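Enquirer: Quick one, structure for this:
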Amino acid sequence: MDLRFRDVAPTEEERAAVDALLGPPSSAWDGGGRDDIRVARGGHEARERRDLLLPALHAVNDRVGWISEGALDYICRRLTVAPAEAYGVATFYALLSVEPRPRRVVHVCTDLACRAAGSAELCRSLEDSLGPHGRPAGDGDVVWHHSPCLGLCERA
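Expert: Here you go, the predicted model:
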């Protein structure tokens with residue numbers, strides 16, 4: 001993926017997922033209509049919303065199943081975040097995907113605490129029933145992945 005704005009339009013579903021979190025865009029600068037292109041908003045107001053990057057990525061990923069280039073562009077424009085920064089965040093977390101995948105994704109933590117609690121056995125069971133991790137199973141509607149810590153180590 002090129003790490004600059006690609007001017008790829010998001011789908012209506014992707015736009016709706018972001019707008020549900022951030023509210024409707026107020027100007028062309030943040031993804032709204034082009035009728036008010038002369039009005040620039042940003043500065044402190046825009047920087048104060050950068051903390052919404054991860055929630056916005058989750059909103060699209062949870063609603064659509066993955067984060068397309070158009071969705072990433074739209075999020076970046078809405079939050080005034082550089083595409084390279086947003087792409088870095090989107091590809092860092094195992095729960096997010098920047099490639100199409102089945103809507104149902106099972107993540108199995110394979111870090112130390114979960115391994116001690118039996119995640120290796122769970123992985124073998126999933127491999128027997130669904131096939132290798134990372135490959136869609138059956139009619140392609142589910143996939144499972146090894147994942148690094150999912151943040152619940154105390155409940156491994």
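
Enquirer: Please make it C-alpha for all contacts and neighbour counts, starting now.
Expert: Will do.

Enquirer: any low-confidence regions in this protein?
Expert: With pLDDT under 70 as the threshold, the chain has low-confidence stretches at 1-3, 27-47.

Enquirer: now the helices: where do they sit in it?
Expert: Assigned by DSSP state H, the helices in the chain fall at 12-22, 44-47, 53-64, 69-79, 83-92, 112-116, 119-130.

Enquirer: could you dump those helices to TSV with distance to Leu150 and mean neighbour count?
Expert: TSV is the format used below for these (distance: least, Cα to Cα, whole Å; neighbours: other Cα atoms under 10 Å):
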stretch	distance to Leu150	mean neighbour count
helix 12-22	23	17
helix 44-47	28	11
helix 53-64	14	19
helix 69-79	23	24
helix 83-92	13	16
helix 112-116	10	15
helix 119-130	13	15
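
Enquirer: Take the ones you listed and lay them out in a markdown table including distance to Pro148.
Expert: Written out in a markdown table, the entries for the helices of the chain read as follows (distance: least, Cα to Cα, whole Å):
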| stretch | distance to Pro148 |
| --- | --- |
| helix 12-22 | 26 |
| helix 44-47 | 30 |
| helix 53-64 | 17 |
| helix 69-79 | 23 |
| helix 83-92 | 11 |
| helix 112-116 | 9 |
| helix 119-130 | 12 |
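
Enquirer: do you know which of those helices lies nearest Leu152?
Expert: When the helices of the chain are compared for distance to Leu152 using Cα to Cα, the nearest one is helix 112-116, at 9.2 Å.

Enquirer: Give me the distance from that closest one to the chain's centre.
Expert: Once both centres are worked out by Cα atoms, centre = their mean, to the nearest Å, helix 112-116 turns out to sit 26 Å from its chain's centre.

Enquirer: What lies in contact with it?
Expert: Residues from elsewhere that reach helix 112-116 (Cα atoms under 8 Å, 6 or more residues apart in numbering): Cys109, Cys153, Ala156.
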